[in-house]
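Sequence plus the predicted model coming up.
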Amino acid sequence: MEAQKKVACGIAVPEKDVYGVVTFYSFFTMIPRGKNNIRVCMGTACFVKGAGKIVEKISRELKIQPGETTPDRIYSLQINRCLGACGLAPIMVINDKIYQKVDPDKAIELIYSYK
């Protein structure tokens, strides 16, 4: 909230307008992200090919829900509606690296390789 106040003051707009932008766009967050940001595509192709099971497995393993960060701030989990690579579904992105045709067990293996 402090950063939002500074931005609002700096660009001379009401704080509520800055808050509206922060809460609307998925690349902004009010919850600190972890060192490793995990994004799972839940677009139609990815969902049909098992992305929901990947999210469930990650949530159970890391004990966080989508939109949350682990208490040690090593991992954050996010859901994306479409990453635009439907032919490679299901897709998972860790930081800026894209992983294709991921299954739940492979997802966990990939995640722990970042620890």
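Arrived safely. Residues are numbered from 1 along each chain as shown.

shouldn't residue 38 be in contact with residue 94?
Yes - proximity of residue 38 to residue 94 meets the contact threshold set by Cβ atoms under 8 Å, at 5.4 Å. In this view, the C-beta of every residue, glycine as well, is placed from N, C-alpha and C.

Find me the pLDDT at residue 26, would you?
Among the per-residue scores, residue 26 shows a pLDDT of 67.

hang on, I meant residue 114
pLDDT at residue 114 comes out at 90.

Following element in sequence after the helix or strand that contains residue 78, please.
Per DSSP states H and E: residue 78 is located in strand 75-80. Downstream of strand 75-80, the next assigned helix or strand under DSSP H and E is strand 92-94.

List the buried residues in the helix or strand following that next one.
Where DSSP H and E defines the elements, the next helix or strand beyond strand 92-94 is strand 97-99. Within strand 97-99, the residues scored as buried using 16 or more other Cβ atoms under 10 Å are residue 99.

Which strands or helices does strand 97-99 pack on?
strand 92-94, helix 104-112 (3 or more Cβ pairs under 8 Å, 6 or more residues apart in numbering; DSSP states H and E).

quick one on the thing from earlier: overlap in contacts of residue 38 and residue 94?
residue 111 (Cβ atoms under 8 Å, 6 or more residues apart in numbering).

Compare neighbour counts for those two and give me the winner.
residue 38 (25 against 18; other Cβ atoms under 10 Å).

The more buried one sits in which helix or strand?
Short version, using DSSP H and E: residue 38 is in strand 36-41.

Direction included, what does that strand pair up with?
According to DSSP bridges, strand 36-41 forms sheet pairs with strand 75-80 (parallel), strand 92-94 (antiparallel).

State the mean pLDDT of it.
Per-residue pLDDT over strand 36-41 has a mean of 95.
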